[in-house]
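Sequence and predicted model, in that order:
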Amino acid sequence: MYQGPFYQYDLDLLNRTLSEALRAASENNCSMYYAMKANHESKILEKIKSKGLGVDCVSSGEIERALEIGWASSKIVFAGSGKTLNEISYALSNDIYMIHCESVEEFELVKDLKEQINSQTLIALRINPDISVDTHSKISTGERHHKFGMSFEEATMIISEHPTLVRGLHFHVGSQILDMQYFEDLSLKVRSLIEQLPNGFKLNYLNLGGGLGIDYRNPERNPIANFEGWMNALRIHLPTSIIETISLEPGRSIVGQCGRLVGQVQYIKHKDSDQPLVILDVGMSELLRPALYDARHKITTRKEDMIEENYTIHGPSCESSDHFGFDHRLPRLNRGDLVEILSTGAYGSSMQLNYNLRKAPKSKFIEGNIYTELKIKVA
Ligand SMILES: Cc1ncc(COP(=O)(O)O)c(C=O)c1O
């Protein structure tokens, strides 16, 4: 019996995705730090940790969650353009593996605190590669005007002054990138930057971020992202003779397709427009992506009806932007029917809002034939 909206996670698909990602990583000498921002459900994190991936955190809350799950400090990296002193202090006092400094000021803070408390955490610099990618403007991060990272000139200045303190470099150009050419461009750009680094600097660690896209249009046909294409593209100009291991931070590509959000049709309005307007019991509070960046998710129903119709589908919140778009072709819907919003494993539950004080959906997990249900843990 339906008892309200829930996220349903297919852990078998997550297992298959992880196997494929690990196979590609081993062939291309890459190591992966899962970007926890995509999904911080404990059961998902446990699974990812059990396969040996490290974890990429962007707040002290995420580092805390990673430590709770049992990740060793040496498998945690920390990025973020606005780390507070408290967060830096928390990371350094836990001796996490690497902190990615995103500005000259942040580097100074980290350097001083690291010395003061004799932290084992290593320092990498996040460089903004000034590459423009064809993705939604709100998830593109690697152009000069974006707030992320420092310029190459700033990084070179820091490295010249502290050639042994800086251990590595970090880049990330954006998210939901499907054209491998952009990763090839990043590879070429990083290669040319490495060649201009001050003499005597040894690059021990190179992190090229995440960003691999998934198929939101046809998730059933393409449930697993193109890990091999991604890593091959990154390696084109950066062979092992230049850098032994490339570190990566996939988020969406690991968890995106294993989750679906299940909700129920509440009302169907027949307005002047030619498409009936459906209002669900799930919307922007449960899944923010459509309202935030016009993201399109495929919506299905298990209901069978010979007659299909095009619907515009909306959430229940008091905002006109709370909608899932037009032209969702579905068997004829009635009040009470369940619908499934696909590809919502990434940036779904982790981006939930408190808006309108709506009850958070539950999380259900399926692995083999075993079904587990958990109340979502809110940070
Ligand atoms: C620095 C950094 N690394 C990794 C990721 C994960 O990206 P994705 O989920 O696209 O793989 C992001 C996402 O925005 C990011 O900003």
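Perfect, thanks for sending it.

going forward, measure contacts between C-alpha atoms and count neighbours the same way
Noted.

What are the boundaries of the strands in the stretch 151-300 of the chain?
Here the stretch 151-300 of the chain has its strands, by DSSP state E, counting those that start in this stretch, at 166-170, 205-207, 246-248, 259-269, 277-280, 299-300.

Is the first one positioned near the ligand?
No - applying C-alpha under 6 Å from any ligand atom, one finds that strand 166-170 is not in contact with the ligand, the shortest distance being 8.1 Å.

residues in contact with that strand?
The contact list for strand 166-170 (C-alpha atoms under 8 Å, 6 or more residues apart in numbering) reads 100, 122-127, 159, 202-209.

ok, now how distant is residue 262 from the ligand?
Between residue 262 and the ligand the distance, using C-alpha to the nearest ligand atom, to the nearest Å, works out to 22 Å.

In contact with that residue, which residues?
Residue 262 neighbours (C-alpha under 8 Å, 6+ apart): 5-8, 338-341.

Top of those residues by number of neighbours, please.
Neighbour counts for the contacts of residue 262 (other C-alpha atoms under 10 Å) peak at residue 7, which has 26 neighbours.

re the thing from before, ok, the contacts of residue 262 vs residue 317, which is closest?
residue 5 (14.3 Å; C-alpha to C-alpha).

how close does the closest one sit to residue 367?
Per C-alpha to C-alpha, to the nearest Å, residue 5 is found 20 Å from residue 367.

Leaving out the residues flanking it, which one is nearest to residue 113?
Among residues not flanking residue 113 along the chain, residue 89 sits closest, at 7.2 Å (C-alpha to C-alpha, 6 or more residues apart in numbering).

what's the pLDDT at that neighbour?
Looking at residue 89, its pLDDT reads 98.

For the helix or strand containing it, buried residues please.
Remark: residue 89 resides in helix 85-93, with elements defined by DSSP states H and E. For helix 85-93, the neighbour count (16 or more other C-alpha atoms under 10 Å) marks 87-93 as buried.

what's the neighbour count on residue 348?
Residues within reach of residue 348, counting by other C-alpha under 10 Å, total 22.

Nearest residue to it in space, ignoring adjacent ones along the chain?
Going by C-alpha to C-alpha, 6+ apart, residue 348 has residue 287 as its nearest residue, at 5.0 Å.

contact partners of stretch 334-350?
Stretch 334-350 has contacts (C-alpha under 8 Å, 6+ apart) with 7, 9, 37-41, 216, 219, 251-252, 255-268, 286-289, 297-303.

do that again at 7 Å, thanks
Contacts of stretch 334-350 with the rest of the structure, by C-alpha atoms under 7 Å, 6 or more residues apart in numbering, involve 37-40, 216, 219, 252, 255-268, 286-288, 297-301.

Contact distance from the ligand - what residues of this structure qualify?
Neighbours of the ligand within the chain, by C-alpha under 6 Å from any ligand atom: 35, 38, 172, 175-176, 209-212, 249-253.

Cross the residues you listed against helices and list the overlap.
Judged by DSSP state H, the residues of the chain next to the ligand include 252-253 as members of helices.

Most neighbours of all the residues of the chain next to the ligand, which one?
residue 253 (30 neighbours).

Around the nearest residue to residue 49 once chain neighbours are set aside, how many other residues sit close by?
Using C-alpha to C-alpha, 6+ apart and skipping the chain neighbours, the partner closest in space to residue 49 is residue 71 (6.8 Å). Residue 71 has 21 neighbouring residues, counting by other C-alpha under 10 Å.

ok, back up a step: switch the strands of the stretch 151-300 of the chain over to CSV; also include mean pLDDT.
CSV is the format used below for the strands of the stretch 151-300 of the chain (pLDDT from 0 to 100):
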stretch, mean pLDDT
strand 166-170, 96
strand 205-207, 98
strand 246-248, 98
strand 259-269, 98
strand 277-280, 97
strand 299-300, 98
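
Rebuild those as JSON lines, extending it with distance to residue 63.
What follows is the strands of the stretch 151-300 of the chain, written out as JSON lines (distance: least, C-alpha to C-alpha, whole Å):
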{"stretch": "strand 166-170", "distance to residue 63": "18"}
{"stretch": "strand 205-207", "distance to residue 63": "18"}
{"stretch": "strand 246-248", "distance to residue 63": "18"}
{"stretch": "strand 259-269", "distance to residue 63": "23"}
{"stretch": "strand 277-280", "distance to residue 63": "35"}
{"stretch": "strand 299-300", "distance to residue 63": "34"}
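
do you know which of the ones you listed lies nearest residue 363?
strand 259-269 (9.1 Å).

Tell me which strands the closest one pairs with, and in which orientation.
strand 6-10 (antiparallel), strand 277-280 (antiparallel), strand 338-341 (antiparallel) (DSSP bridges).

buried sites along that strand?
Of the residues in strand 259-269, 259-268 count as buried by neighbour count, 16+ other C-alpha under 10 Å.

how about the CA coordinates for that strand, as PDB?
The C-alpha coordinates for strand 259-269 follow below in PDB (Å, rounded to 0.1, in the frame of the first residue of the first chain):
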ATOM      1  CA  GLY A 259      17.600   5.900  -8.000                       C
ATOM      2  CA  ARG A 260      13.900   6.700  -8.900                       C
ATOM      3  CA  LEU A 261      11.500   8.900  -7.100                       C
ATOM      4  CA  VAL A 262       8.000   7.400  -6.700                       C
ATOM      5  CA  GLY A 263       5.100   9.700  -6.300                       C
ATOM      6  CA  GLN A 264       1.300   9.800  -6.700                       C
ATOM      7  CA  VAL A 265      -1.100  11.700  -9.000                       C
ATOM      8  CA  GLN A 266      -3.200  14.000  -6.800                       C
ATOM      9  CA  TYR A 267      -5.200  16.000  -9.300                       C
ATOM     10  CA  ILE A 268      -5.600  16.400 -13.000                       C
ATOM     11  CA  LYS A 269      -6.700  19.700 -14.300                       C
END
